[in-house]
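Asks: Got a predicted model here, sequence first, then my questions.
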Amino acid sequence: MIKKFIDRLFGKSGSADASSDSPQRGKKSPFGKRHDVGPVEHGINPQLVDERAMDVVQTLKRGGFEAFIVGGAVRDLLVGLRPKDFDVATNATPEQVKALFRRAFIIGRRFRIVHVIYGRGREHEVIEVSTFRAHLDASLAEQVGGNERTSKSELAGMKHAVDASGRVLRDNVWGPMEEDAARRDFTINAMYYDPETQMVVDYHNGIRDAKKKIIRMIGNPALRYREDPVRIIRAVRFAAKLSALGFTFEDKTVAPLREMKGLLADVPQSRLFDEMLKLLQTGHAVASIEQLKFLGLGTGIYPLLDVVVEAADEPFLNLALLDTDRRVGEGKPVAPSFLLSCVLWADVRDGWARRTQRGEHVMPALQDAIDDAFNAKIGDVSGRGKLGGDMREIWTMQPRFEKRTGSSPYSMLEQPRFRAGFDFLRLRAQTGEIDLSLAEWWETFSTAYDDERHAMIEAVRLEQMRRPQPARVRVRRTDASGAVAGPADAADGSGSADREESAASATDQGEFAPAKKRRRRRKPANRGDASGTASENQQGAPGPDLT
């Protein structure tokens, strides 16, 4: 008995005098067992592999390194889908990867990776290259008391660090491929594909789980969620994406999700915001919301996501989510500002209506309603940055679409985000919020020739002239001084009498003459500076942003 205890203490598998008919059970390796699977068995179509990802793999191999396509791209290839993004894993360090490519940038602190850039502008593509990481025990990592922000100085020199809850803050220790596979999250995301040899390297039966359509966590699910709580959101996203293909969670993988949701409170807001956008902008927004509700995760992940889940059944937002999924499916670009402007539109619209009913002018009322919506629903993402600026532009264009005479329609077409504003208008028309004919008019006007546009504007002008115009009531303006009589008027009272008679006459006529305003004289601007500014504005203006 004592000998068995000593053997167990020192990690021996069994005693020397153990009987041959009592075999000792070996402990299962956390690194799994390597299986090299050929193209006949896995059935991946090499034509679905992006040529730029192929170029990255080939360049790394020519440099003397191992390189594989890895992660969700391999999963999608296995089930016959064309991946939207390709990631590459290699035994080259980030610095070695960067040296092999002309346009490559090392990013990240928690995980240092390399972005290899192909193309420019909207057509550019990013291939993400990561180095094989060692599988380290979290209990052996350096521990800090705070988080990414409060412990920056401590984390600066650390390669493997966790916070008090066990969440990994740094994971930049390089290791062999089998250890890299063990530290990945789900078995269907832990396979490595060599597009040159067409072999798949599988350590954790990912191919078997893909065929059985099972989403299974590698290792202890509760521990893996604790290491990185964002895996909770990733699990929902994978389930939403693969549910149409019949994939379901393994029981042990799904069991801890709800009870461990509170761990997300320690994750930086910027990272949660990015994960929320992935849920809503990868072509499975409606399915993601259904999964969140089904798993009991509809609230408490991120404040703005709570708004989406709560309002997802409302006609306007539901149509916007379906439209976003359709555009992604068709390979068209989507902008986060457009979708988020749809999410908050109910709050902006209701606040705008309340203010205009109280008699406030249209545009100031809309601006105040936008400020209230930002302050109430977005919080730390204050809406003062580029994203918020784009959302404001989409909203403030809506009342301007009502003006279809003069030069207003032409100036609308020149707006950088006209297309996003028009698509927003189209959704409003489809849900019955505004007249459908208005959206149809703008769709025709945006594609018409100049003479056709002129005829359309003239037709609107004539139609408006035929309508009965409401009587204009001019509001009398009072001076800030209270219209106190001057010295000359006070001397004989004639000036006061004249004003009273004029006011009485004006009252009988139902109108008042507006007070004259004093014009300020502008200083002549430097011609060279003015032209330079205009040129810069034209060059700096972004192109049309499609939703």
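Replies: Structure received.

Asks: And the pLDDT for G108?
Replies: The score at G108 is 79. That number is its pLDDT.

Asks: Run a quick neighbour tally on it.
Replies: G108 sits with 13 neighbouring residues when counted by other CB atoms under 10 Å. Bear in mind the C-beta positions are built from the backbone N, C-alpha and C, glycine included.

Asks: So what does it look like in phi/psi?
Replies: When read as degrees, to the nearest 10, the backbone of G108 gives phi 90, psi 150.

Asks: So it versus V286, what's the distance?
Replies: G108 sits at a distance of 31 Å from V286 (criterion: CB to CB, to the nearest Å).

Asks: What of I69?
Replies: 29 Å.

Asks: got it, and F418?
Replies: 27 Å.

Asks: And those two? Which one has more around it.
Replies: The residue with more neighbours, out of F418 and V286, is F418; 19 against 16, by other CB under 10 Å.

Asks: Now do the same contact list for W352.
Replies: A365, L366, A369 (CB atoms under 8 Å, 6 or more residues apart in numbering).

Asks: check which helix or strand covers it.
Replies: Following DSSP states H and E, the helix or strand that holds W352 is helix 345-357.

Asks: L425: which of the contacts of W352 is nearest?
Replies: For L425, the nearest member of the contacts of W352 is L366. The distance, counting by CB to CB, is 14.4 Å.

Asks: ok, the closest one to A439 distance?
Replies: In this structure, L366 and A439 are separated by 19 Å, where distance is defined by CB to CB.

Asks: The two: which is more packed in?
Replies: When L366 is set against A439 and neighbours are counted by other CB under 10 Å, the residue ahead is L366, at 22 against 19.

Asks: mind checking the backbone torsions on H35?
Replies: When read as degrees, to the nearest 10, the backbone of H35 gives phi -130, psi 120.

Asks: which ones are touching the closest residue to it other than its chain neighbours?
Replies: In space, not counting the residues next to it along the chain, H35 is nearest to D202; the distance is 4.7 Å by CB to CB, 6 or more residues apart in numbering. When contacts are counted by CB under 8 Å, 6+ apart, D202 touches R34, H35, V37, A190, M191, Y192.

Asks: Kindly recompute the last result at 10 Å.
Replies: Taking CB atoms under 10 Å, 6 or more residues apart in numbering as the contact definition, D202 lies against 32-37, 42, 74, 181, 187, 190-193, 208-210.

Asks: Let's see the pLDDT reported for it.
Replies: 96.

Asks: F247 and A239 touch, don't they?
Replies: Yes: in this structure F247 lies within contact range of A239 using CB atoms under 10 Å: 6.9 Å.

Asks: Now the common contact residues for those two.
Replies: Joint contacts of F247 and A239 (CB under 10 Å, 6+ apart) are I215.

Asks: hmm, back to that, redo the contacts of W352 as a markdown table? Include distance to E463.
Replies: Compiled in a markdown table, the contacts of W352 are given as follows (distance: CB to CB, whole Å):
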| residue | distance to E463 |
| --- | --- |
| A365 | 27 |
| L366 | 26 |
| A369 | 30 |
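
Asks: which of those lies closest to D450?
Replies: Comparing every one of the contacts of W352 with D450 (CB to CB), the shortest separation belongs to L366, at 31.1 Å.

Asks: out of everything not next to it in sequence, what's closest to that closest one?
Replies: Closest residue to L366 apart from its sequence neighbours, by CB to CB, 6+ apart: W352 at 5.0 Å.

Asks: how close does the one you found sit to W395?
Replies: 9 Å.

Asks: what do the two both touch?
Replies: In contact with both W352 and W395: W345, L366, Q367, A369, I370, A373, using CB under 10 Å, 6+ apart.

Asks: Just the ones of these in helices?
Replies: Under the assignment DSSP state H, those contribute W345, L366, Q367, A369, I370, A373 to helices.

Asks: just the buried members of those residues?
Replies: Buried members of these, counted by 16 or more other CB atoms under 10 Å: W345, L366, A369, I370, A373.

Asks: Tell me how far the second one lies from A53.
Replies: In this case it means L366. Using CB to CB, one gets 46 Å for the distance from L366 to A53.

Asks: try the last one
Replies: Here the criterion is CB to CB. By it, A373 lies 41 Å from A53.

Asks: Next: the third one.
Replies: Distance, A369 to A53, using CB to CB: 46 Å.

Asks: Which stretches in the stretch 1-150 of the chain count as strands?
Replies: Read by DSSP state E, counting those that start in this stretch, the stretch 1-150 of the chain holds these strands, from start to end of the chain: 35-37, 67-70, 87-90, 104-107, 113-118, 125-131, 142-143.

Asks: how about these, which one is nearest I457?
Replies: Taking CB to CB as the criterion, strand 125-131 is the member of the strands of the stretch 1-150 of the chain that comes nearest to I457, at 41.9 Å.

Asks: what is the mean pLDDT for that closest one?
Replies: Confidence over strand 125-131, taken as the mean pLDDT, stands at 94.

Asks: Surely T396 is within a helix?
Replies: Yes: using DSSP: H, G, I helix; E, B strand; the rest coil, the assignment for T396 is a helix.

Asks: so who does the nearest residue to it once chain neighbours are set aside touch?
Replies: Counting by CB to CB, 6+ apart, T396 lies nearest to L366, which is 6.3 Å off, once chain neighbours are set aside. Taking CB under 10 Å, 6+ apart as the contact definition, L366 lies against V348, R349, G351, W352, R355, T356, E360, R392, W395, T396, Q398, P399.

Asks: between the residues you listed, which has the most around it?
Replies: Ranked by neighbours (other CB under 10 Å), the contacts of L366 are led by W352, which has 25 neighbours.

Asks: what about that residue, distance to A420?
Replies: Relative to A420, and taking CB to CB, W352 is found at 19 Å.

Asks: Which parts of the stretch 151-300 of the chain are helices?
Replies: 152-155, 177-182, 206-212, 221-227, 230-242, 251-254, 269-281, 285-294 (DSSP state H, counting those that start in this stretch).

Asks: Run a quick neighbour tally on the nearest residue to V126 once chain neighbours are set aside.
Replies: Leaving aside its chain neighbours, V126 sits nearest to H115 (5.1 Å; criterion: CB to CB, 6+ apart). Each residue near H115 was counted by other CB under 10 Å, and the total is 17.

Asks: State the pLDDT value of H115.
Replies: We note a pLDDT of 96 for H115 in this prediction.

Asks: what does K28 give?
Replies: Per-residue pLDDT puts K28 at 63.

Asks: cool, and the one 5 residues further on?
Replies: In the prediction, the pLDDT value recorded for K33 is 91.

Asks: for it, what are its contacts?
Replies: Remark: with contacts taken as CB under 10 Å, 6+ apart, K33 is in contact with E178, D202, Y203, H204, N205.

Asks: As TSV, the contacts of L366 with pLDDT and distance to Y302 would be great.
Replies: Supplementary listing: the contacts of L366 in TSV, determined by pLDDT from 0 to 100; distance: CB to CB, whole Å:
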residue	pLDDT	distance to Y302
V348	96	20
R349	96	23
G351	96	22
W352	96	26
R355	95	29
T356	94	32
E360	94	33
R392	94	21
W395	97	22
T396	96	26
Q398	97	27
P399	96	31
